[in-house]
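Visitor: Just a sequence and a predicted model for now, questions to come.
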Amino acid sequence: MDNIKFQKGRLIHMWIADKWNDYEVIDCSEGEKLERWGYYTLLRPDPQVIWNTPKTDPRWNKLNAHYHRSSKGGGEWEFFKLPDQWTIQYHRLTFHLKPFHFKHTGLFPEQAVNWDWIYEKIRQAEKPVKVLNLFAYTGGATLAAAAAGAEVTHVDASKGMVTWAKENASSSGLGDAPIRWLVDDCVKFVEREIRRGRTYDAIIMDPPSYGRGPKGEIWKIEDSVYPLISTCAKLFHHQPLFFLVNSYTTGLQPAVLAYMLQTVMKKYGGIVDAQEIGLPVTSSGLILPCGACGRWSMNR
C-alpha cells in the first residue's frame, strides 16, 4: 500500500494493491494480462501491456476464459470451464464475479489499495462518518466504508450494478449496514442533495470516461469532472474527512487530479496527494499501471 517502492532497483511512486490472496496478475504480454481470480484463470486485454515478453508460465495454456477483442471494437468471451458466477474475498469483504460485457468481471482489483485507505481513514476518525460514493459500481468502496462503521450513500445510474452491489454487501455480512442504495444520475443527485441541505464527511467518485444516465444524460469526463468535483465540495460538512477521485482516463494524470482537488478544497487546508495505482505482476516482479487516483484528506 506504500506509495514508494523499489522496482528492479528503480524508485517508483505508486499506490499498489498488493494485499490480495484471491487475486493476482500472473503475467502480461502482447496486449493481454493473465489473471487468477480465486480458482479460475482469465486472459483479458489490457491497453497498458504494449510489450512482448516470453510466456513461460504454463497457465497461459490452461485458461478458464479468454476475452478476445475485436478489430471493430468490443469483443467477446470464449469460455473453457468457468461457472456463471463465483466469489472471491478481500479481507472481510466478499465479491460476486461473473464475466459480462467488454471484458469486465464486476470488480477492479487495483481499487483494493483505496479500500484500505478508506477503511483506515474512517476507523481513525473515531466519530460517526457519512460517506457519499458516486459512480459506485458493484460497491467495493461502499463496503470498505460500511465495514469501517460509516453510513454510506451508494449512487450509480445502473440498476443492475446497484443490485450486484447489494448482493456483495449481503455476502460480506453488511446486508443490514446503514447503506442507502440509489439508482440515479450522479450529477443530478448531487444537485438535489445541495438543495435539500444534506452534508457528508467524505466523498468518493469513480467516474467513467463516457456514459449515459438512466434518462439518456451524457457524461464526458473531460467536460464534466471538474464541475462535478466543485459541486460536490458544497456537500461537505464544515470539517470534512476526505475526498477521493479515481480516473481511468489517459488525460487525467495524477497531477491533474491533484490540481483539481487542491483548487476545490483549499479553503479547508488539509493534504492532497495523487499517484498512479497498480497491481504487482507475479512473473516479473514489476507493477502494472491501472489508472490514477487523487486523495484529499484533513491529515495523513
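Guide: Yes, it's here. Numbering: from 1, shown residues only.
Visitor: May I have the strands that pair with the host helix or strand of Asp273, each with its orientation?
Guide: Taking DSSP states H and E as the definition, Asp273 sits inside strand 271-280. Partners of strand 271-280 in the sheet, by DSSP bridges, are strand 10-16 (parallel), strand 287-297 (antiparallel).
Visitor: how far is it from where the chain is centred?
Guide: Centre-to-centre, strand 271-280 and its host chain are 12 Å apart (C-alpha atoms, centre = their mean, to the nearest Å).
Visitor: what sits up against that strand?
Guide: Residues outside strand 271-280 that contact it (C-beta atoms under 8 Å, 6 or more residues apart in numbering): 3, 13-18, 24-25, 109-111, 113-114, 246, 254-255, 257-258, 261-262, 265, 286-300. All C-beta atoms are positioned from the backbone trio N, CA, C, and that covers glycine.
Visitor: Check which residues of it are buried.
Guide: 272-280 (16 or more other C-beta atoms under 10 Å).
Visitor: go on, stretch 161-170?
Guide: Those would be 161-162, 164-169, for stretch 161-170 by 16+ other C-beta under 10 Å.
Visitor: contacts for that stretch?
Guide: Residues contacting stretch 161-170 (C-beta under 8 Å, 6+ apart): 93-96, 106, 136-140, 142-143, 146, 154, 156, 175, 177, 179, 181-183.
Visitor: Show me the residues you listed that map onto strands.
Guide: The strands, defined by DSSP state E, take in 93-96, 154, 156, 179, 181-183 from the contacts of stretch 161-170.
Visitor: from the residues you listed, which is closest to Lys81?
Guide: His96 (18.8 Å; C-beta to C-beta).
Visitor: and Gly149, how many neighbours?
Guide: 16 (other C-beta atoms under 10 Å).
Visitor: Could you provide the buried residues of strand 271-280 in TSV, with additional columns for distance to Lys72 and pLDDT?
Guide: Converted to TSV, the buried residues of strand 271-280 look like this (distance: C-beta to C-beta, whole Å; pLDDT from 0 to 100):
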residue	distance to Lys72	pLDDT
Val272	41	96
Asp273	40	95
Ala274	35	96
Gln275	35	95
Glu276	30	95
Ile277	30	96
Gly278	30	96
Leu279	29	97
Pro280	33	96
